[in-house]
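Student: please find the sequence and the predicted model below.
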Amino acid sequence: MDLGLSGKVALVAAASRGLGRAVAEELAHEGAHLVICARGADALRETAAFIRAATGARVVEVVADLSSMPDIARVVERAHTEFGRVDVLVTNGGGPPAGPFEAHSAEAWAEAVRQNLVSVVELTRGVLPGMKERRWGRIINVTSIAVKQPVDNLILSNSVRAAVTGFARTLANEVAPFGITVNNVMPGYTRTQRVVELAERNAALKHTSADAERAVWESQIPMARLGEPAEFAAMVAFLASDRASYTTGASIPVDGGWIKALL
Ligand code: NAD
């Protein structure tokens, strides 16, 4: 299937590793040029070099903290200086810390809102005028299965992802007449550094092992295994494509069947 992504410009946030990196790789393999950002300069440079070598794509990397509005403005500005436009925006960010309600201060809540909600709003604000002008755009937010079914011990993530979902669903209606789609992809348990760390943290709390914690997750997943970042990225690439022109306002799981709800 030709996804029609050749020559398009994609901005992928938080893309030095994990899901963001997998999405960046997939879009570049489909012929898109990239702007990627993350906080750590070394990992970002390595990722950009890897993708350039593997795909021949133009990849511009910008060191930026998604909790900072000036940094976000800088990422968008760089995309416009280098490419003159952004056709596809993939919002993503580090996951907020785990823990129950009592574990998180007011500042921790504010930080989760900044990193996982305000960044989505501000990245969108930066790219939307150009998309409207060209009457074509794709906005894809990385949220979580927690939107459909909250995950215990992740109260910050559960709360803030729901807000992103409300934002996206409303925006989808506003921008649909401009040929712009807005969708969310909800990863289930996917094999990234964050999930390795979550397994280790749970194991330390419960005096078990990371393998045992992973086995608990796998027992809740009909496919009985964690997802691979590339499986997640394939869904994002489809939603970014020309072929997905009539899908908007949706939240699509890539979770091996973890969400048990009908809708
Ligand atoms: P990860 O920790 O492996 O990668 C996160 C990426 O975000 C890295 O590139 C990191 O450098 C970057 N990053 C972190 N904080 C940043 C900041 N303030 N500014 C800029 N960049 C920043 O995580 P992942 O597993 O790839 O998850 C990505 C997102 O998806 C997270 O929000 C996570 O909570 C969510 N999610 C992941 C899973 C999963 O199973 N992997 C499941 C549900 C939701």
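Tutor: Great, that's in hand.
Student: CA only for contacts and neighbour counts going forward, please
Tutor: Will do.
Student: what's the helix or strand of the chain with the lowest mean pLDDT packed up against?
Tutor: Between all helices and strands in the chain, the lowest mean by mean pLDDT, DSSP states H and E belongs to helix 193-206, at a mean of 90. Judged by 3 or more C-alpha pairs under 8 Å, 6 or more residues apart in numbering; DSSP states H and E, the packing partners of helix 193-206 are helix 210-219.
Student: determine whether any part of the helix or strand just after the helix it packs on lies close to the ligand.
Tutor: Once the chain leaves helix 210-219, the next helix or strand it forms, by DSSP states H and E, is helix 229-240. No. Helix 229-240 lies apart from the ligand when judged by C-alpha under 6 Å from any ligand atom; the minimum separation is 7.7 Å.
Student: give me the distance from the next helix or strand after helix 229-240 to the chain's centre.
Tutor: Using DSSP H and E, the helix or strand that follows helix 229-240 in sequence is strand 251-254. Distance, stretch centre to chain centre, for strand 251-254: 12 Å (C-alpha atoms, centre = their mean, to the nearest Å).
Student: just stretch 234-247 next, same as before
Tutor: The chain centroid and the centroid of stretch 234-247 are separated by 15 Å under C-alpha atoms, centre = their mean.
Student: that one: which residues count as buried?
Tutor: For stretch 234-247, burial by neighbour count (16 or more other C-alpha atoms under 10 Å) applies to 234, 235, 236, 237, 238, 239, 240, 241, 242, 245.
Student: near the ligand, which residues of the stretch 51-200 of the chain are found?
Tutor: 64-67, 92-95, 142-144, 187-195.
Student: in helices, which of those appear?
Tutor: The helices, defined by DSSP state H, take in 193, 194, 195 from these.
Student: quick one: secondary structure of residue 34?
Tutor: Recorded secondary structure, residue 34: strand (DSSP: H, G, I helix; E, B strand; the rest coil).
Student: list the contacts of stretch 50-68.
Tutor: 14, 24-25, 28-29, 31-41, 44-45, 48, 71-72, 75, 78-79, 82, 93, 111, 114-115, 118-119 (C-alpha atoms under 8 Å, 6 or more residues apart in numbering).
Student: and the average pLDDT for that stretch is what?
Tutor: Stretch 50-68 comes out with an average pLDDT of 98.
Student: return the set of buried residues in that stretch.
Tutor: In terms of neighbour count (16+ other C-alpha under 10 Å), stretch 50-68 has its buried residues at 51-52, 55, 57-67.
Student: just checking: what are the partner strands of the helix or strand containing residue 89?
Tutor: Using DSSP H and E, the element containing residue 89 is strand 88-91. Paired neighbours of strand 88-91 in the sheet (DSSP bridges): strand 9-12 (parallel), strand 137-142 (parallel).
Student: past it, which element shows up next along the chain?
Tutor: helix 106-113.
Student: alpha carbons of the very next helix or strand once past that following helix, as PDB, please.
Tutor: The first helix or strand that comes after helix 106-113 along the chain, using DSSP H and E, is helix 119-134. The C-alpha trace of helix 119-134 is given here as PDB (Å, rounded to 0.1, in the frame of the first residue of the first chain):
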ATOM      1  CA  SER A 119       3.000  20.200  25.000                       C
ATOM      2  CA  VAL A 120       0.300  18.700  22.800                       C
ATOM      3  CA  VAL A 121      -1.600  22.000  22.800                       C
ATOM      4  CA  GLU A 122       1.400  24.100  22.000                       C
ATOM      5  CA  LEU A 123       2.900  21.800  19.300                       C
ATOM      6  CA  THR A 124      -0.600  21.800  17.700                       C
ATOM      7  CA  ARG A 125      -0.800  25.600  18.000                       C
ATOM      8  CA  GLY A 126       2.600  25.800  16.100                       C
ATOM      9  CA  VAL A 127       1.700  23.600  13.200                       C
ATOM     10  CA  LEU A 128      -2.000  24.100  12.700                       C
ATOM     11  CA  PRO A 129      -2.000  27.500  10.800                       C
ATOM     12  CA  GLY A 130       0.200  26.000   8.000                       C
ATOM     13  CA  MET A 131      -1.900  22.800   7.800                       C
ATOM     14  CA  LYS A 132      -5.100  24.900   7.500                       C
ATOM     15  CA  GLU A 133      -3.500  27.000   4.700                       C
ATOM     16  CA  ARG A 134      -2.500  23.900   2.800                       C
END
